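J.: From the sequence below, what's the structure:
(one chain, ligands or ions: 1)
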Amino acid sequence: MLPFKLVYSEKYFLPIGEHVFRADKYRMIRQRLFSLGVVDESDFLEPRFASESEVMLVHSPHYINKLMEGSLTAREELQMEIPYSPQVVDTFMLHTGGSILAAERALVDGACVNIGGGFHHAFPDHGEGFCMLHDVAVAIRSLQKRKLIQRAMTVDCDVHQGNGTAAIFGGASRQTGTLPSAHQGSVFGLSGGNMRQGNSKDVFTISLHQENNYPLVKPPSSIDVNLPDGCGDDEYLAWLDNALSSGLRQFEPELICYFAGADPFGEDQLGGLNLTMDGLKQRDELVFRVAEAREIPVMVTFAGGYAIRVEDTVSIHTNTILEAAETFHKADTRMAE
Ligand SMILES: [Zn+2]
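T.: Numbering: from 1, shown residues only. Have a look, this model is predicted:
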């Protein structure tokens, strides 16, 4: 029923106990889609587990061995902020396999959503902030290795900066400077935010995030938009539009990897921006429209979302799928005419 596939497994549930990261959100999104009557079983693809050699396209063998042997130090486990178990490792391997599949399918169908993934705080040699493996980076490197793509762009709209993504793909150079557009902030009626950019090679990384939030140290992305506390819909959307236009002026990706975090929402427990549910829908629509208009395939992962009411997190993620369906359905209709 949808113009693209959804990648999902019942085994996406992370066995991490009582946690602000509600790992049951994935199952709830699937249920919501069915109760809205917008999907049937044929819309779903079952992911496979990523292999050790695939995750080692991004992660160090030393780190992967530690995960496989269960030999993380107490400090490393603390930094991850989720309890270690072999089952948790398996679950991350499955989300990573899901993101590889979603990236492959996006190239075929123009879009694909992994109802999971987006673990942008994972580094080559360690995990952080609920993220053990960087599923999206592995997917990009896997596609590049197989020569399915050469260049990818990450568009990270989680409220937290994509520090793992930036560290992996190295967005910065010595010439890193403030974009002219940052000086013209008043033109857009923007205040408080700022945008910085550096050079990029085969992966161009864009991150829009709250400046005064985790991670404390923010390795430079190709474009970082540091947003002020309490930033609302209009300001956020103007910055996103600005960052996308600027990124696509200098880089021609063959795939966009969109991190559709639900945590810029005003009622998020771990975020300090002030987007409304409608503003988040407009955010999704903007990303999808830009990708569709330029015929750039887009793969979506969900990243964070910690609303006071888990139902709100589920609504925001579900809306992302509905917005994608609307944009890509319209595109299908146009092609058929
Ligand atoms: Zn987040």
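
J.: Report the beta-bridge partners for Val300.
T.: Val113, Tyr258 (DSSP bridges).

J.: Likewise for Gln210?
T.: Leu227.

J.: so who does it touch?
T.: By CB atoms under 8 Å, 6 or more residues apart in numbering, the contact set of Gln210 is Val159, His160, Asn226, Leu227, Pro228, Asp229, Cys231, Pro264, Gly271, Gly272, Leu273. Where C-beta positions appear, they are placed from N, C-alpha and C, glycine not excepted.

J.: so which residue of the stretch 1-150 of the chain comes closest to the ion?
T.: Among the residues of the stretch 1-150 of the chain, Gly129 lies closest to the ion, at 7.4 Å counting by CB to the ion.

J.: Quick one: neighbours of the closest residue to that residue other than its chain neighbours, just the number.
T.: Of all residues not flanking Gly129 in the chain, His121 sits nearest, at 3.7 Å (CB to CB, 6 or more residues apart in numbering). Counted with other CB atoms under 10 Å, the neighbours of His121 add up to 28.

J.: and His121, backbone torsions?
T.: Backbone torsions of His121, given as degrees, to the nearest 10, read phi -100, psi 0.

J.: what about it, distance to Tyr26?
T.: Distance, His121 to Tyr26, by CB to CB, to the nearest Å: 18 Å.

J.: Is Glu54 within a helix or a strand, and which one?
T.: Following DSSP states H and E, one finds Glu54 within helix 52-55.

J.: for that helix, which positions count as buried?
T.: For helix 52-55, a neighbour-count test (16 or more other CB atoms under 10 Å) marks Glu54, Val55 as buried.

J.: Can you spell out which helices and strands pack onto that helix?
T.: Here helix 52-55 touches helix 61-69, helix 86-109, helix 135-145, going by 3 or more CB pairs under 8 Å, 6 or more residues apart in numbering; DSSP states H and E.

J.: Run a quick neighbour tally on the nearest residue to Ala103 once chain neighbours are set aside.
T.: Leaving aside its sequence neighbours, Ala103 sits nearest to Ala139 (CB to CB, 6+ apart; 4.2 Å). Per other CB under 10 Å, the neighbour tally for Ala139 reads 31.

J.: could I get the helices and strands packed on helix 52-55 as TSV with mean pLDDT and distance to Arg48?
T.: Output for the helices and strands packed on helix 52-55, formatted as TSV (pLDDT from 0 to 100; distance: least, CB to CB, whole Å):
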stretch	mean pLDDT	distance to Arg48
helix 61-69	97	18
helix 86-109	98	5
helix 135-145	98	12
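
J.: Of all these, which one is nearest Thr333?
T.: helix 86-109 (15.2 Å; CB to CB).

J.: need the residues of the stretch 201-337 of the chain near the ion, please.
T.: Residues of the stretch 201-337 of the chain lying near the ion by CB under 5 Å from the ion: Asp263, Gly304.

J.: His19 contacts Ile82, correct?
T.: Yes - contact between His19 and Ile82 holds when scored by CB atoms under 8 Å: they sit 6.9 Å apart.

J.: So for those two, which residue has more residues nearby?
T.: Neighbour totals were compared for His19 and Ile82, and Ile82 leads with 20 against 13 (other CB under 10 Å).

J.: Could you look over the helices and strands packed on helix 52-55 and pick the most buried one?
T.: Mean neighbour count (mean count of other CB atoms under 10 Å) peaks for helix 135-145 among the helices and strands packed on helix 52-55, with a mean of 26.

J.: Show me what the next helix or strand after that one pairs with in its sheet, parallel or antiparallel.
T.: For helix 135-145, the following helix or strand on the C-terminal side (DSSP H and E) is strand 152-156. Here strand 152-156 is paired, per DSSP bridges, with strand 203-210 (parallel), strand 255-259 (parallel).

J.: how about TSV for those, with mean pLDDT added?
T.: Shown next, in TSV, are the strands paired with strand 152-156 (pLDDT from 0 to 100):
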stretch	mean pLDDT
strand 203-210	97
strand 255-259	98
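
J.: distance of the residue nearest to Gly129 from Met56?
T.: 19 Å.

J.: what do you get for Ser99?
T.: From Ser99 to Met56 the distance is 16 Å (CB to CB).

J.: Then Asp135?
T.: 14 Å.

J.: With Thr205 instead?
T.: 21 Å.
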